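Below are the sequence and a predicted model; questions follow.
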Amino acid sequence: MTIAASRPLSTARDTTTREERDAGARHGVQRTAVVGPLELEAGGKLPDVTLAYETWGTLAPDAGNAVLIQHALTGSAHVAQGDTDEEGWWDGLVGPGRAIDTDRFFVVAVNIIGGCNGSTGPSSPAPDGKPWGSRFPFITLRDAAVAEARLADQLGISQWFAVVGGSMGGARALEWAAGFPERVRKCAVIAIGAHSTAEQIALAQAQTLAIRQDPAFRDGDYYDGPAPEAGLALARRIAHISYRSEAELEARFSRKPQEGESPLNASALAERGRYQVESYLDHQGTKLVRRFDANSYIALTEALMSHDVGRGRGGVEAALADSPVEFFVAAVESDRLYLPRQSEALAAALPGDVTVHRIASEIGHDGFLTEADQLGALLGRTLFA
Ligand SMILES: CC(=O)SCCNC(=O)CCNC(=O)[C@H](O)C(C)(C)COP(=O)(O)OP(=O)(O)OC[C@H]1O[C@@H](n2cnc3c(N)ncnc32)[C@H](O)[C@@H]1OP(=O)(O)O
Ligand SMILES: N[C@@H](CCO)C(=O)O
């Protein structure tokens with residue numbers, strides 16, 4: 001088998017301490033690995049990349065049971081609860097006896113480069129010891145796959161049994177399949193198309209501008225002062241509307257006022273009470289601000305804007321037409337951000353007759369998270385049968 005190693009293994013080193021290594025033997029506990037310098041697709045360079053990752057289950061002697069799970073925009077490597085107290089974001093799908101059965105598979109999840117959950121990102125120290133901030137280079141999802149391939153080398157995994165992801169995680173999975181076809185047996189691409197569309201880029205730009213125009217942003221060098229929380233919260237509101245369907249928002253909130261507030265009764269504009277849906281979006285914004293870095297939000301949103309599996313490969317069809325990978329494609333029926341027809345177009349570009357599985361949900365894009373049981377049933381009778 002050809003291993004498309006991204007750089008010599010000798011430059012990659014695992015820097016986990018003894019204690020971290022012992023902790024890493026427990027499932028769902030974060031570990032880190034240094035995978036060396038990374039020349040980036042768009043021309044920049046990261047001198048020494050750290051990846052945070054978690055694992056569940058046991059790697060088979062032939063390393064043939066390894067599954068890589070890729071998180072979405074604001075996700076982390078904590079896919080499943082494992083031996084920890086913290087719930088995972090795909091607990092319904094990953095765990096003992098689940099569709100991705102950790103009694104059978106060795107599951108790995110990696111925090112993407114550019115993120116803020118343990119891997120090298122804008123809030124990490126640059127070589128001068130100060131946070132990267134505005135100096136953090138532009139990264140693409142392809143760069144992320146290259147870095148992750150080095151981690152796979154360190155873990156002794158020459159080929160994944162499967163790479164699975166939803167939303168931005170699906171785009172990352174697709175990048176793995178296109179960039180390292182010999183290293184991926186099966187690939188599940190959920191709630192994402194082959195490339196970002198004009199509307200997805202437009203919505204993303206509104207989000208990044210919301211952050212950039214917050215006075216606290218200071219061109220991204222805000223780590224010695226207040227964070228651009230208002231901008232990040234506004235970005236999340238814009239995004240969250242696109243993650244939920246019109247029908248779900250209407251059924252849940254309609255025109256109801258938030259309890260104790262009156263949207264029509266105010267003596268001044270600034271005092272107007274909120275509709276329930278406004279309060280809900282405020283809450284989603286506040287929650288994200290507590291757990292996510294604004295620069296990472298921009299870096300990853302712009303990486304997702306650049307998503308195009310056909311870039312530099314002669315287009316989407318040429319990138320995938322002769323792929324040896326077995327693909328699974330799924331779309332959420334009510335997704336208004338990553339439309340099911342975009343998943344259909346992806347499937348049409350893949351070799352063979354690839355069915356687009358429909359996740360029945362009224363919720364919208366976030367259905368790939370909320371309908372984990374349904375997705376598990378679909379994966380359990382296809383890729384993971
Ligand atoms: C694949 C990935 O990597 S993604 C990683 C994980 N991502 C996330 O966790 C993203 C953030 N979370 C989400 O997007 C969603 O919570 C999901 C998709 C995970 C789950 O969706 P749902 O269960 O439908 O939750 P929903 O979006 O409705 O949010 C419920 C919250 O809104 C709050 N809420 C509901 N109505 C109102 C209101 N009128 N005013 C204020 N808050 C409200 C609830 O109290 C609840 O708060 P809590 O989350 O702090 O407990
Ligand atoms: N709720 C998901 C949606 C993006 O796919 C996230 O925040 O990552």
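Perfect, thanks for sending it. It should be emphasised that the depicted structure is a prediction, and the values quoted were computed from it without experimental measurement. Numbers count the residues shown, from 1 in each chain. Ligands and ions are numbered 1, 2, ... in the order given.

And the helices in the stretch 251-385 of the chain, which stretches?
With helices called from DSSP state H, counting those that start in this stretch, the stretch 251-385 of the chain shows them at 276-291, 294-305, 316-320, 340-349, 367-370, 372-380.

for T120, what are its contacts?
By CB atoms under 8 Å, 6 or more residues apart in numbering, the residues touching T120 are 46, 48-51, 113-114. Just so you know, the C-beta spots here come from the backbone N, C-alpha and C atoms, and that holds for glycine as well.

What is the nearest of those to ligand 2?
For the contacts of T120, the residue nearest ligand 2 by CB to the nearest ligand atom is G114; the value is 13.6 Å.

Let me have the contacts of T120 in TSV, adding secondary structure as columns.
Shown next, in TSV, are those (DSSP: H, G, I helix; E, B strand; the rest coil):
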residue	secondary structure
L46	strand
D48	strand
V49	strand
T50	strand
L51	strand
I113	coil
G114	coil
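
Correct me if wrong: E54 contacts A77.
Yes: in this structure E54 lies within contact range of A77 using CB atoms under 8 Å: 4.5 Å.

what do these two both touch?
With CB under 8 Å, 6+ apart as the test, E54 and A77 both reach 30, 109.

immediately after the lowest-mean-pLDDT helix or strand in the chain, which helix or strand?
Ranked by mean pLDDT, DSSP states H and E, the weakest helix or strand in the chain is helix 18-24, scoring a mean of 50. The first helix or strand that comes after helix 18-24 along the chain, using DSSP states H and E, is strand 31-39.

Going by neighbour count, which residues in that next one are buried?
31-36, 38 (16 or more other CB atoms under 10 Å).

mind listing what whichever residue of the stretch 1-150 of the chain sits closest to ligand 1 touches?
Ligand 1 sits closest to G75 of the stretch 1-150 of the chain, with a gap of 1.7 Å, by CB to the nearest ligand atom. Residues in contact with G75 (CB under 8 Å, 6+ apart) are 89, 169.

can you give me phi and psi for the residue sitting furthest away from the middle of the chain?
Going by CA atoms, centre = their mean, the residue of the chain most distant from its centre is S267, 44.0 Å out. With angles defined as degrees, to the nearest 10, S267 sits at phi -90, psi -20.

How confident is the prediction for it, by pLDDT?
The score at S267 is 78. That number is its pLDDT.

who's in contact with it?
By CB under 8 Å, 6+ apart, the contact list for S267 is empty.

I'd like to know how far it sits from R255.
Going from S267 to R255 by CB to CB, to the nearest Å gives 22 Å.

Excluding sequence neighbours, find me the nearest residue to the spatially most central residue of the chain.
Centroid-nearest residue in the chain, with CA atoms, centre = their mean: A72, separated by 2.2 Å. Leaving out its chain neighbours, the residue that sits closest to A72 by CB to CB, 6 or more residues apart in numbering is S167, at 3.9 Å.

surely the residue nearest to the centre of the chain meets A171?
No: counting by CB under 8 Å, A72 sits too far from A171 to count as a contact (9.2 Å).
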